[in-house]
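Trainee: Everything below, folded, please.
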Amino acid sequence: MGWLDEQGQPRSGSSPLNFQSALALASCDALGGDYRNALPVAASVDLIFNFTLVHGDVQAGRAEPGDRPSIWWVWGPAQAINAGDGLHALGRTTMMRLAQNDVPADRVLRAVGSLDMACLSLCEGQYMDLQFQDQMLVSTADYLDMISRKAGALAACAAESGALASGADDGVCERFAQIGRSLGMAWQIARDIDDLWGEHGDGMTPSNVLNKKKSLPLVHTLETAGVGTKRELGAIYMKRVLEVEDITKMIEILDSTDARQTSQAKAQELVDQALAGLDGVSQQGMDSLKSLGQWAAQGGR
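Mentor: Model prediction:
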């Protein structure tokens, strides 16, 4: 979880709150519930999110995806798979702690079912994401379908389960699931943008040099650019291993098609659509959800 380093020593600073966990708490609070009732949801989706990161690092061969080495890099792929499976089990049992907050049993069961379906859906999304790496052409519709599963499903579960913890009726819970899915998709697009351009806009991020993910900026360029630009980008992308100069050239090509701005606009569109016409929410709750939506559109930064 990032609280200890690989030697078991406490790490300085604190781990940031993940987007999905924040969404669970905000959803419960916005509907007039005590956000503390949704803490098991927040903890559960955080554990599940970390399960996806552990396994995802193995699948992508990422040694240092962020602020610390990957589990597989320190202890090997076998133990990373073992640790990821353990995180999944912890996430599921943690969701059951809703019962300790006097959430009715049928609602606890619905939240656990939502989590199980989210895990299945995100595995489908990850399958699609890996499959797209071997395809040169991926449509925007296919990309959006993929991230609706890979990122949208867990966010949908977080928002729906937060609503369940608040005591909201079935219709409201279903509406919040839809909101969560759209916000999760916006969050993923923003993360894809960051993954390509990097903190300083130079394209040098830990993961995009080693794999060939089809993110929205790339999909947009391959769909809309002229034949010459497509060939140039394709020549780079078909290389077995990308060099530093290849990444720099790729970013130049994407910049020439306004891929970054177009992708950012899509993320914002998803946020705006998610929160449009939302009923039964206090003004303070609406403000909180809007702030969270902007946070999602910026990749949870």
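Trainee: List the buried residues for stretch 64-76?
Mentor: Buried residues in stretch 64-76, counted by 16 or more other C-beta atoms under 10 Å: 65, 69-73. (C-beta placed from N, C-alpha, C; glycine too.)
Trainee: just stretch 238-258 next, same as before
Mentor: 242, 246-247, 249-251, 253-255, 257.
Trainee: between these, which is nearest residue 193?
Mentor: For those, the residue nearest residue 193 by C-beta to C-beta is residue 254; the value is 9.9 Å.
Trainee: Now name the helix or strand holding the closest one.
Mentor: Remark: residue 254 resides in helix 244-256, with elements defined by DSSP states H and E.
Trainee: pLDDT-wise, what's the bottom of the buried residues of stretch 64-76?
Mentor: Lowest pLDDT of the buried residues of stretch 64-76: residue 65, 76.
Trainee: returning to that earlier point: only C-alpha atoms, please: export the helix holding residue 254 in PDB.
Mentor: Written as PDB, here are the backbone C-alpha positions of helix 244-256 (Å, rounded to 0.1, in the frame of the first residue of the first chain):
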ATOM      1  CA  VAL A 244      14.200   7.800 -26.500                       C
ATOM      2  CA  GLU A 245      14.100   9.600 -29.900                       C
ATOM      3  CA  ASP A 246      11.100   7.500 -30.900                       C
ATOM      4  CA  ILE A 247       9.100   8.700 -27.900                       C
ATOM      5  CA  THR A 248      10.100  12.300 -28.600                       C
ATOM      6  CA  LYS A 249       9.000  12.000 -32.300                       C
ATOM      7  CA  MET A 250       5.700  10.300 -31.200                       C
ATOM      8  CA  ILE A 251       4.900  13.200 -28.900                       C
ATOM      9  CA  GLU A 252       5.600  15.600 -31.800                       C
ATOM     10  CA  ILE A 253       3.200  13.800 -34.000                       C
ATOM     11  CA  LEU A 254       0.500  13.600 -31.400                       C
ATOM     12  CA  ASP A 255       0.900  17.400 -30.700                       C
ATOM     13  CA  SER A 256       0.500  18.100 -34.400                       C
END
